[in-house]
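Novice: quick check, what structure comes out for this input:
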Amino acid sequence: MLLSDAFRSLGEDRFAKLLRSISFGKLRTFQLYERFKLRTHIEKLNTENLRKATPRLWDRLLTHDEEYATDLSQAILVSHMELIVAVLNFLGIPNEEGFFVKDLDAKRYLTDGWRERAYQEFSGKFPEPLVLFYINHLIFELEKDGEPYQPQLAA
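Specialist: As a prediction, the model looks like this:
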């Protein structure tokens, strides 16, 4: 799976919600603000301009630009470290404030059904697009050949 596939699996509406959840303060804290601004080609980065650029940013994901997808994912993930820590702790994956411990084989902590368990645990506590994106980001990072997760809708 490509990282752009993790975004694409969400659809454009969920993608727009993810973009609206980006914290410019956290981007500055993690020294990602300028890089994100350059990568998105938004001269004056603010909430309104990011919202207006959403269709164009979505179209760029459709081209499988993986460097761009990586920068987008970093911006989203650093804006929601509390979710990352909560999910990693729930899955029993050792971490240092949301970052994998050095030389850790985190994949071994992903036991059968981990996607569904994580989705059920966190979809009511955090915005659903964010939970889905992080689950799919873990699939991208740890399973490499996995398919994007889509929760089963109750019949």
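Novice: quick one, helices of the protein?
Specialist: Under the criterion DSSP state H, helices of the chain are mapped to 3-8, 12-20, 24-29, 33-40, 47-61, 66-78, 81-91, 114-122, 128-138.
Novice: now render the ones you listed as CSV, adding distance to residue 145.
Specialist: C-beta here means a position set from N, CA and C on the backbone, and glycine is covered the same way. Output for the helices of the chain, formatted as CSV (distance: least, CB to CB, whole Å):
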stretch, distance to residue 145
helix 3-8, 12
helix 12-20, 23
helix 24-29, 31
helix 33-40, 27
helix 47-61, 20
helix 66-78, 16
helix 81-91, 19
helix 114-122, 15
helix 128-138, 13
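Novice: could you measure from residue 92 over to residue 143?
Specialist: Separation of residue 92 from residue 143 (CB to CB, to the nearest Å): 17 Å.
Novice: how about residue 103?
Specialist: Residue 103 is 19 Å from residue 143, by CB to CB.
Novice: more crowded one of these two?
Specialist: residue 143 (13 against 5; other CB atoms under 10 Å).
Novice: and the contacts of the helix or strand of the chain with the lowest mean pLDDT?
Specialist: In the chain, the helix or strand scored least confidently by mean pLDDT, DSSP states H and E is strand 99-100, which has a mean of 86. The contact list for strand 99-100 (CB atoms under 8 Å, 6 or more residues apart in numbering) reads 93-94, 106.
Novice: 7 Å instead, please
Specialist: residue 106 (CB atoms under 7 Å, 6 or more residues apart in numbering).
Novice: and that strand, how far out from the chain middle?
Specialist: Computed by CA atoms, centre = their mean, to the nearest Å, the separation of strand 99-100 from the middle of its chain amounts to 15 Å.
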